[in-house]
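S.K.: compute the structure for the input listed below.
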Amino acid sequence: MTRQVSTMAAITGLMMVPALALAQAPPRTSWGQADLQGIWDFRTITPLQRPEDANEFLTEEEAVTLEQEAVDRNSRLWGAESRRTEAGANVGGYNNFWMDTGTKPIETRRTSLVVDPTNGRLPELSPSGQERADARREYLGEHGADSYTDRNTSDRCIVGFNAGPPITPLAYNQNMQLFQTRNYVVIYTEMVHTPRVVPLDNRPVLDEDIRLWSGDSRGYWEGDTLVVETANFNEQRRWIPLGGVGGGVYTTADMTLVERFTRVDDGTLEYTFTVTDPGTWTRPWTLSMPMRRTDQLLFEYACHEGNYSMTGILGGKRMEELAEVGGQ
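M.R.: Numbers count the residues shown, from 1 in each chain. You can find the predicted model right below:
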């Protein structure tokens, strides 16, 4: 990881912050740093990637229409009659009661969270990334539930699918709490309750042979922006930018990440990150989105309480295999 990447991300992030917000000094801790503490809500209906036929920004009328459509959809689904799950019928994983995707596009009315490349879409896969994606899709088509190790880390309750790092909006439990001291920052996600303790004291990074599910993070301040650089991801983690890619795409253990947290006003934390992984994409890419301060408490996320979905997935596959051999 390099400070050059951080500087590029800073420029991109500043371009996305409303001019009015830039003029506001953030609140400060008792030791003088920008105070980023609080619970931050990152729900939005703005997609990760820009639809290919969309303009860069929504008009005000388009934003209002999309918000009303989201409200109407929720009302329609909440009022729908219940439907029992039937064997062999795919009615979805959860009904709308469990979903919490919000109803609003981001305040800038951008049509994607990706800001670099400027077309609002992820870069092309690198040759090795495409080869791995093709091989993974082919394997999962035949062996998607041979073992729990064939399931992704979210199915296995190891890493939350929207919890990061990096943090991306999706489905539910879309809150993050941030704590600060002089020498540490803790980034604590509602999804799977992953606490990421980030040292700010210039200590050396871990050796490359020490690999962590959430990577090894180090932080520092650039003015009032907290910069967090992360590497040394566990090879089995295979982060997937869900909601934006087709099946089979996942990152390598060599992915590096630069995140930036900027308090732009009392109620807004601008979150920007840059992913660099030549083994997956042909170039780095950057996402930027506002997180909104909330007075709501973090909800419990009980993925580990039995993880019934895993036993259901594997048990269902075993029943299919029995049926294929006539129940013998």
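S.K.: and the strands in the chain, which stretches?
M.R.: Applying DSSP state E to the chain gives strands spanning 38-41, 114-116, 175-180, 184-189, 195-199, 216-222, 225-231, 256-265, 268-276, 285-293.
S.K.: would you turn those into TSV with mean pLDDT and distance to L314?
M.R.: Yep, even glycine has a C-beta here, placed from its N, CA and C like the rest. Converted to TSV, these look like this (pLDDT from 0 to 100; distance: least, Cβ to Cβ, whole Å):
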stretch	mean pLDDT	distance to L314
strand 38-41	98	34
strand 114-116	98	35
strand 175-180	97	31
strand 184-189	97	27
strand 195-199	96	29
strand 216-222	98	32
strand 225-231	98	32
strand 256-265	97	32
strand 268-276	98	31
strand 285-293	97	34
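S.K.: make CSV out of the ones you listed and add mean neighbour count and distance to Y250.
M.R.: Output for the strands of the chain, formatted as CSV (neighbours: other Cβ atoms under 10 Å; distance: least, Cβ to Cβ, whole Å):
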stretch, mean neighbour count, distance to Y250
strand 38-41, 20, 26
strand 114-116, 22, 18
strand 175-180, 20, 23
strand 184-189, 20, 20
strand 195-199, 16, 20
strand 216-222, 17, 19
strand 225-231, 22, 17
strand 256-265, 23, 14
strand 268-276, 23, 12
strand 285-293, 22, 15
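S.K.: quick one: which of these is nearest D155?
M.R.: strand 184-189 (17.3 Å; Cβ to Cβ).
S.K.: show me what the closest one is packed against.
M.R.: Using 3 or more Cβ pairs under 8 Å, 6 or more residues apart in numbering; DSSP states H and E as the contact criterion, the elements in contact with strand 184-189 are strand 175-180, strand 195-199, strand 225-231.
S.K.: what's the angle from that strand to strand 225-231?
M.R.: 70 degrees (axes from the mean of the first three to the mean of the last three Cα atoms, to 10 degrees).
S.K.: relative to the whole chain's centre, how far out is strand 184-189?
M.R.: Centroid displacement of strand 184-189 relative to its chain, using Cα atoms, centre = their mean, to the nearest Å, is 15 Å.
S.K.: same thing with stretch 109-116?
M.R.: With Cα atoms, centre = their mean, you get 15 Å for stretch 109-116.
S.K.: how long is that stretch end to end?
M.R.: 16 Å (Cα to Cα, to the nearest Å).
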